[in-house]
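In: give me coordinates for this.
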Amino acid sequence: MARAKDDTPPKPRKQRFATLRQIGQAYSLTSKNDKQLPLWLAGTFLLVLAVFVVIGALIGHPYYLGFIGILFGLLATMVVFGRRAQRAAYGSIEGQVGAAAAVLDSLKRGWTVTPGIAATRQQDIVHRAVGRPGIVLVGEGSPARLAGLLAQERKKLGRVVPDVPVHDFQVGKEQGQLSLQEFQRTLAKLPKVIPSAQIDTIDKRLVALGTLAQQLPKGPLPKGMRPPRQMR
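Out: Below you'll find the model as predicted:
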């Protein structure tokens, strides 16, 4: 018996359409917060293309260099689009609780992120990430209250992993705090001193410290029970 013909399109074609759809969605979202995006993208492409065409004309190969210019123009345009998309994304969540955790979640492989390890009733919150630079603590909220929270978390870490470097930052709009973009750039510049194989071991040792969600009982607090120290 003849087998029925499979009309299912090949997976690579599906993947290409999915990628194009994602790029289109990213462009639509970015352009809402970045009105100059079309000018930047068009200007980048035309500038790169013009440089290659001029060089090609000077050496007698304008069409050959022009074709290469198109490829490099598209590449440069995608780089500019990625950076402006990231800037627009950060701008849309700047000042919101949990924005710093979103930056941590966007880090490349090699990081383990634990959001919400400590907080206050005023919505000051501290997140933790473990990577090759060591342990990163980042707080969002009031600078004065965060100073105490971060110091408390550093003290805990000193008891559990005393030999691991600890970096703490405050993200926000107050004086002395970093913007989301500044925080992201600062993380990228941290020296890598921890072997990749040790990251998982360090993170497992930190599990004993728990998170804010693990410290709170499910449902309403029983009468007379006080919240954990981090919530005071």
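
In: look at residue 193 and give its secondary structure.
Out: Following DSSP: H, G, I helix; E, B strand; the rest coil, residue 193 is assigned to coil.

In: pretty sure it sits against residue 131.
Out: No: counting by CB atoms under 8 Å, residue 131 is not a contact partner of residue 193; they are 10.3 Å apart. (Each C-beta comes from the backbone N, C-alpha and C, glycine too.)

In: report the buried residues of the helix of greatest length in the chain.
Out: If you go by DSSP state H, the chain has its longest helix at helix 62-93. Buried residues in helix 62-93, defined by neighbour count with 16 or more other CB atoms under 10 Å: 62, 65-66, 68-69, 73, 76-77, 80-81, 84-86, 88-90.

In: which two of those residues have the greatest separation?
Out: Using CB to CB, the two most remote members of the buried residues of helix 62-93 are 62 and 90, lying 40.8 Å apart.

In: still on that earlier bit, tell me which of residue 193 and residue 131 has more neighbours.
Out: The neighbour count for residue 193 versus residue 131, taken as other CB atoms under 10 Å, is higher for residue 131 (23 against 10).

In: list the contacts for the spatially closest residue to the more buried one that is not a sequence neighbour?
Out: Distances taken as CB to CB, 6 or more residues apart in numbering place residue 111 nearest to residue 131, at 4.1 Å, with adjacent residues excluded. Contact analysis of residue 111 by CB atoms under 8 Å, 6 or more residues apart in numbering lists 104, 129, 130, 131, 199.

In: is it true that the second one touches residue 115?
Out: No: between residue 129 and residue 115 there is no contact, the gap being 9.1 Å when judged by CB under 8 Å.

In: what touches both of these two?
Out: In terms of CB under 8 Å, 6+ apart, residue 129 and residue 115 are both contacted by the residues residue 104.

In: re the thing from before, tell me the one of the buried residues of helix 62-93 nearest residue 137?
Out: So of the buried residues of helix 62-93, ranked by how close each gets to residue 137 (CB to CB), first place is residue 90, at 19.9 Å.

In: low pLDDT regions in the protein?
Out: Where the chain drops to pLDDT under 70, the residues are 1-20, 29, 33, 89, 91-96, 208-232.

In: got the domain boundaries for it?
Out: Following automatic domain parsing, the chain resolves into domains at 12-93, 99-217+227-231.

In: quick check: which of these is buried the most?
Out: domain 99-217+227-231 (a mean of 16; mean count of other CB atoms under 10 Å).

In: helices of the chain, start to end?
Out: 11-33, 37-59, 62-93, 99-105, 143-160, 180-189, 196-206, 212-215.

In: can those helices go into JSON lines with extra columns for distance to residue 171?
Out: Converted to JSON lines, the helices of the chain look like this (distance: least, CB to CB, whole Å):
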{"stretch": "helix 11-33", "distance to residue 171": "19"}
{"stretch": "helix 37-59", "distance to residue 171": "25"}
{"stretch": "helix 62-93", "distance to residue 171": "10"}
{"stretch": "helix 99-105", "distance to residue 171": "4"}
{"stretch": "helix 143-160", "distance to residue 171": "10"}
{"stretch": "helix 180-189", "distance to residue 171": "5"}
{"stretch": "helix 196-206", "distance to residue 171": "21"}
{"stretch": "helix 212-215", "distance to residue 171": "18"}
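
In: that concludes my questions; thank you for your assistance.
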